[in-house]
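Colleague: Any chance you could fold what I've pasted below:
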Amino acid sequence: MTTPGLLISAPASGTGKTTLMLGLLSAFRAQGVAVQPFKSGPDYIDPAFHAAASGRPSVNLDSWAMGRARITGLVRVAEGADLVLAEGSMGLFDGVAREGEFGTGASADIAAMMGWPVVLVLDVSGQAQSAAAVAKGFALMRPDVRLAGVVLNRVASPRHEALVRDGMARAGIAVLGALPRQPSIELPERHLGLVQAEEQPELARILADAGAFVARHIDLAALRAAAAGGVALTDPLPIRPPAMRIALARDPAFSFVYPHLIAGWRAAGAAILPFSPLADEAPDPTAEACWLPGGYPELHAGRLAAAAQFRAGLQAFAATKPVHGECGGYMAMGAGLVDAAGGRHQMAGLLGLETSFHKRRMHLGYRVARLNAPTAGHAAETRLRGHEFHYATILAQPDPTLAEVCDANGEAVAETGSLRIQSGGGQSSGTFFHLIAEAT
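Modeller: You can find the predicted model right below:
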C-alpha cells in the first residue's frame, strides 16, 4: 500500500514553507511517526535540513527533468514510513513557460502525479478575509490538484486570526493551523538559499523549537488525516555511475550532489570514497574517477589556494584518470577564481577557466546538455537534464566545449562547460550545469 502523503506549498517563495516543513518533520518525529521527506524541484540545501529533522534521507523529485517512472521509482524510498511530506519550490504552480517532455517543473505536477493533497502556507500579514480569495483561487486552479487546507503564517493577533478564519470558512477552505511570527526559528540565508545544515551550530535547538512551535499551533491529527495517495510505485530506474570507485569531494565547499545520484551509483555497485579539499586531502589514488560537486568555493577560495596537497594530488590523479566538476567543482578545477573583494586565488589548473564573483550576476534555470565527448560515465551525444544556479562570471574559458547546452525554451546558453585531455591521457571536464537525470 502506498504511503499517504501531503505536499507543502505556497503562493510564492519566502512565505514559510521550509519553517513549516521542518516543524512538521520534527513534531511528527517526536510523536514517533516515521515521516519520509521529499523536495520538489532542484534544490540541494533544503533536503539536508529535511534529513536532520526527520532522520531519513530526503529525495528530490522534479517533473521537468524526470519522467513518471523515475519519480515513482524514487518515491519507493517511502516504503515503511507512516507519512510522506514533500516540500514544494517557489509557488505551487510556478514552472517553465514551455512544458517539457514530462511537465513544467511545478510542484503542482508532483502533487497531481502522486495524488498528494496540498497544504498551502499563506503569509497573511497585511490582509484578513481577502486571504480566502487567494486560497480559493489555488483550490480551483487545477482540477487534478486537491487542496487539503491552509496554514496561516505570520498571524499578528488572535483578532487577526479570527478575521482570516472567517473568510476561509465562507470560502469553504479548511484551516489546519495558524502560526504567529517566531524569529527564534528563522534560519540565516546566503546567496544560494539557506546557510547549509552542517554549518548551523544551533540546528538541533532550532529543529526542536520548530517542532514544539508547530505542535502548539497546527492540528497535527487533522493534517495527517488529510494525507492521501494511491499511485503504484515502480522499481528505481538505474543511474549510471562515472566509475565503480569514485573519489567524491565532500565538505562545506563541495556539498551539492543530489542524494538520488549517490544512491543510484551505490545501487549500481559503485564505491564512494569521500575526501575533503578544505582539509587539504587528495582524492584516493585507488579511485577510477573523481567527482567535484558544486558548493561554495568562493567562500573558501583562500583555503583552497593554500591546499597544496589537495592540488598536487588532484593534478596527479587527473593526469591519467577522469575528473569532473559541477559548478563550484568546475570553478575549483580552473586556473583562478576572483572573490567578491576582487582578489584572485589560484585553483587546481586542470582547465583554463577563470571565474569571478567580483561582479555578480545570477544564472538560473533548467538546462539540457548534449555531450560533445564521452565523459562522467556518459557516452558522446548523450542528452542530460539538469539546472544551473550560480552568480559567477566567466572571465576566460579557453578549452574545448564540453556540451551544447540550451535552456528550457530551447535557447542556447553560453555556459557550455570545458574539456581537456591531460598529457598522461586523463580527461578533465566541468560545467556549470548540475546533473539531475539522463534525458529520454
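
Colleague: in the stretch 51-200 of the chain, which segments are predicted with low confidence?
Modeller: 184-185, 188-194, 197 (pLDDT under 70).

Colleague: Where do the strands of it begin and end?
Modeller: 59-61, 83-87, 118-123, 147-155, 175-180, 189-190, 193-194 (DSSP state E, counting those that start in this stretch).

Colleague: Same check on the stretch 301-440 of the chain?
Modeller: 323-326, 336-338, 344-346, 354-356, 363-371, 383-390, 393-396, 403-407, 418-421, 427-431, 434-438.

Colleague: and among these, the most buried is which?
Modeller: Mean neighbour count (mean count of other C-beta atoms under 10 Å) peaks for strand 323-326 among the strands of the stretch 301-440 of the chain, with a mean of 28. Using the backbone N, CA and C atoms, a C-beta is placed for each residue, glycine as well.

Colleague: what pairs with that strand, and is each one parallel or antiparallel?
Modeller: Strand partners for strand 323-326, identified by DSSP bridges, are recorded as strand 289-292 (parallel), strand 427-431 (parallel).

Colleague: Of these, which is nearest residue 228?
Modeller: Residue 228 sits nearest to strand 289-292 of all those, at 38.5 Å, using C-beta to C-beta.

Colleague: Give me the residues contacting the closest one.
Modeller: Strand 289-292 is touched from outside by 242-243, 245-249, 254, 257, 277, 283, 314, 317-318, 321-326, 328-330, 332-333, 376-377, 430, with contacts defined as C-beta atoms under 8 Å, 6 or more residues apart in numbering.

Colleague: try stretch 236-245
Modeller: Counting by C-beta under 8 Å, 6+ apart, stretch 236-245 makes contact with 69-70, 73-74, 76, 260-261, 263-265, 267-271, 273, 284, 286-289, 291, 322, 324, 376-378, 437-438, all of which sit outside it.

Colleague: mind checking which of the strands of the stretch 301-440 of the chain is nearest residue 5?
Modeller: Shortest separation from residue 5 across the strands of the stretch 301-440 of the chain is recorded for strand 434-438, at 21.2 Å, computed as C-beta to C-beta.

Colleague: What about residue 257, how many residues nearby?
Modeller: Counted by other C-beta atoms under 10 Å, the residues lying close to residue 257 total 23.

Colleague: oh, and call the first residue 461 from now on, that's how I've got it
Modeller: Renumbered: residue one is now 461, and that last one reads residue 717.

Colleague: contacting residues around the nearest residue to it once chain neighbours are set aside?
Modeller: Closest residue to residue 717 apart from its sequence neighbours, by C-beta to C-beta, 6 or more residues apart in numbering: residue 753 at 4.1 Å. In this structure, residue 753 makes contact with 708-710, 714-717, 785-789, judged by C-beta under 8 Å, 6+ apart.

Colleague: Surely residue 498 touches residue 521?
Modeller: Yes. Applying C-beta atoms under 8 Å, one finds residue 498 in contact with residue 521, separated by 5.4 Å.

Colleague: Give me the common contacts of these two.
Modeller: The contact lists of residue 498 and residue 521 share 535, 546, 570, where a contact means C-beta under 8 Å, 6+ apart.

Colleague: of those residues, closest to residue 801?
Modeller: Sorting the shared contacts of residue 498 and residue 521 by distance to residue 801 puts residue 546 at the head of the list, at 39.6 Å, by C-beta to C-beta.

Colleague: So the closest residue to that closest one other than its chain neighbours: helix, strand or coil?
Modeller: The shortest distance from residue 546 to any non-neighbouring residue, by C-beta to C-beta, 6+ apart, is to residue 498 (3.9 Å). Under the three-state scheme (DSSP: H, G, I helix; E, B strand; the rest coil), residue 498 adopts strand.

Colleague: pLDDT at residue 498, what is it?
Modeller: At residue 498, the predicted lDDT confidence score is 98.

Colleague: give the contact list for residue 479.
Modeller: By C-beta under 8 Å, 6+ apart, the contact set of residue 479 is 613, 639, 642, 645-647, 670.

Colleague: do the same with residue 678
Modeller: Residues counted as contacts of residue 678 (C-beta under 8 Å, 6+ apart) are 480, 483-484, 487, 611, 636-637, 639.

Colleague: Against residue 783, how distant is it?
Modeller: Taking C-beta to C-beta, to the nearest Å as the criterion, residue 678 is separated from residue 783 by 47 Å.

Colleague: what's around the closest residue to residue 623 other than its chain neighbours, how many residues?
Modeller: Once its chain neighbours are removed from consideration, residue 623 has its nearest residue in residue 588; the separation is 3.8 Å (C-beta to C-beta, 6+ apart). By the criterion of other C-beta under 10 Å, residue 588 has 17 neighbours.
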